[in-house]
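**Student:** Any chance you can model this:
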Amino acid sequence: MIALADVLASVLDHCVVRAGVEVRSQDAAGLVLAGDIVSPEDVPPFDNTAVDGYAVRTIDVATAPVELRVTAEIAAGSPDIVGVGAGEAVRIMTGAPIPPECDGVVMVEDTERVGSDGVRVLRAMAPGSGIRPVGSDVRAGETVLVAGTIVTPAVAGVLATVNARTVRVHPRVRVGVLSTGDELVDDGSPLARGQIRESNRTMLVRLAREAGAEPVDMGIVGDDPDVVEKVLRRALDSGAVDALVTSGGVSMGDFDPVKLVLPRLAEMSWHQIAMKPAKPFAFGVAAGPTGAVVPIFGLPGNPVSSLVSFEVIARPALRTMMGFGAAAHRPVVHALLDEDVVRSPDGKVHIDRAVSVWGDDGRVHVRRARAQGSHQLAATATANCLVRIPDGAGLPAGSEVDVTFLGPDAGPLADPGGSSGAADTGRGRLSP
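**Tutor:** Below is the predicted model:
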């Protein structure tokens, strides 16, 4: 058997970051910038008020309280240039441009209206108070975002702010997902003897999408090696996919069309990984029509094994191809076991499915899912994390374990006991 870390390192060595492409900024969400973003303009583009209040000359309010005459009102978006003389003020709304003569804005809470055209300023203020100067967020020519930045909603807002209409990003990896087997049914019809409902392809398509990739559903193909080869070769030769994911046919002694066909298409290696589940794994690289490397991930057929294998190997590999760098890997958090875990030494790390919650102590606590069989997907489906149990006789309750969270909203659940303090103060402890 080979260590998981060694297999993952070998796989990542063959997963090349895809070259950047130009896309509309609104289409870049969730992708990684392939180039720096330099602002062509100042943000904000003019001095503006940070508060609702009155624009004043601070020299006029140095002896506050003092009464000033209100000569005009300026709303956000107003193009008007209003002159302000000695003893005068202008009513102004948040975001509105500052009159040239004014060097401060008094918050409305620090004023009182006097008649129909007067205001009493109740406190003195320093020059610059209440004003957001031109370029105080971004200066023209400044690099605001660097290559490798993930386009989150906030980053998308920055792109809009600096008028970046298009950006260069690493594109989504198109991942072909194929199921093979005469026994598989996905049309809702009654099951005949020997048939089972297809689940791996359905799951893997969604796992690929959640990883940020673009899944290409290649459907179900029967156990005919010639047909399987035709389907896979067409996907490779057409350039329709940048990676392939199959499930099943990677165990020792398996007689499966995928296992027969893959060596015809790619340089394949077959592994027995020192982990449970998902011990069998195959990986290879094929050449696309332009000579680009197309990784092929052969995952085990049992659904839980397929999920775990995707999470710990295929997912970080695909995200590496999309330029995520360190963020290709899910963070590892140290958590506490809330139960004894008994296992037998077998030379493998056990990757158990579990539910994690915030505890009253501000730490993440985990308890394993009710069933751990590699075929028991229903029990795994409600798990929100994977727990690594090292080789040996097991661990007692209270032991610290490494946990990776699952899903698009990855993280522990709220404390079922109703404690709110743990969620506010605890963050687990991140591994270095």
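**Student:** Next, Ala354: phi, psi?
**Tutor:** Backbone torsions of Ala354, given as degrees, to the nearest 10, read phi -150, psi 170.
**Student:** typo on my end, it should be Val51
**Tutor:** Backbone torsions of Val51, given as degrees, to the nearest 10, read phi -140, psi 160.
**Student:** For it, the count of nearby residues, please.
**Tutor:** Residues within reach of Val51, counting by other C-beta atoms under 10 Å, total 19. C-betas here are computed from N, CA, C, even on glycine.
**Student:** is it true that it touches Thr111?
**Tutor:** No: contact criterion C-beta atoms under 8 Å: Val51 and Thr111 do not qualify, at 11.2 Å.
**Student:** Which helix runs longest in this structure?
**Tutor:** If you go by DSSP state H, the chain has its longest helix at helix 225-238.
**Student:** Let's see that helix as PDB, backbone CA atoms only.
**Tutor:** Provided in PDB are the C-alpha atoms of helix 225-238 (Å, rounded to 0.1, in the frame of the first residue of the first chain):
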ATOM      1  CA  PRO A 225     -15.600  -2.200 -23.700                       C
ATOM      2  CA  ASP A 226     -15.900  -1.000 -27.300                       C
ATOM      3  CA  VAL A 227     -18.700   1.300 -26.500                       C
ATOM      4  CA  VAL A 228     -17.000   2.600 -23.400                       C
ATOM      5  CA  GLU A 229     -13.800   3.300 -25.400                       C
ATOM      6  CA  LYS A 230     -15.800   5.100 -28.100                       C
ATOM      7  CA  VAL A 231     -17.500   7.300 -25.600                       C
ATOM      8  CA  LEU A 232     -14.300   8.200 -23.700                       C
ATOM      9  CA  ARG A 233     -12.200   8.600 -26.900                       C
ATOM     10  CA  ARG A 234     -14.900  11.000 -28.400                       C
ATOM     11  CA  ALA A 235     -14.800  13.100 -25.200                       C
ATOM     12  CA  LEU A 236     -11.000  13.300 -25.300                       C
ATOM     13  CA  ASP A 237     -10.500  13.800 -29.100                       C
ATOM     14  CA  SER A 238     -13.300  16.500 -29.300                       C
END
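**Student:** Can you list the strands that the next helix or strand after that helix pairs with?
**Tutor:** The helix or strand immediately downstream of helix 225-238 is strand 243-247, counting by DSSP states H and E. If you go by DSSP bridges, strand 243-247 pairs up with strand 174-180 (parallel), strand 293-299 (parallel).
**Student:** Give me the residues contacting the very next helix or strand once past the first one.
**Tutor:** What it means is strand 174-180. Going down the chain from strand 174-180, the next helix or strand is strand 184-185, by DSSP H and E. Around strand 184-185, the neighbours that count as contacts under C-beta atoms under 8 Å, 6 or more residues apart in numbering are Leu191, Gln195, Ile196, Arg197, Glu198, Ile220.
**Student:** Pull up the pairing partners for strand 184-185, direction included.
**Tutor:** Sheet pairing for strand 184-185, using DSSP bridges, gives strand 196-197 (parallel).
**Student:** So what touches the strand it pairs with?
**Tutor:** Glu183, Leu184, Val185, Asp186, Leu191.
**Student:** State the mean pLDDT of the helix or strand that comes right after it.
**Tutor:** Scanning forward in sequence from strand 196-197 by DSSP H and E, the next helix or strand is helix 200-210. The average pLDDT for helix 200-210 rounds to 95.
**Student:** Tell me the helices and strands packed up against helix 200-210.
**Tutor:** Secondary-structure packing of helix 200-210 (3 or more C-beta pairs under 8 Å, 6 or more residues apart in numbering; DSSP states H and E): strand 174-180, strand 214-221, strand 243-247, helix 303-309.
**Student:** tell me the mean pLDDT for the last one?
**Tutor:** In this model, helix 303-309 has an average pLDDT of 93.
**Student:** Next: the shortest one.
**Tutor:** Per-residue confidence for strand 243-247 averages out to 94 on the pLDDT scale.
**Student:** Please give the centre-to-centre distance between that strand and its chain.
**Tutor:** On the basis of C-alpha atoms, centre = their mean, to the nearest Å, strand 243-247 sits 22 Å off its chain's mean C-alpha point.
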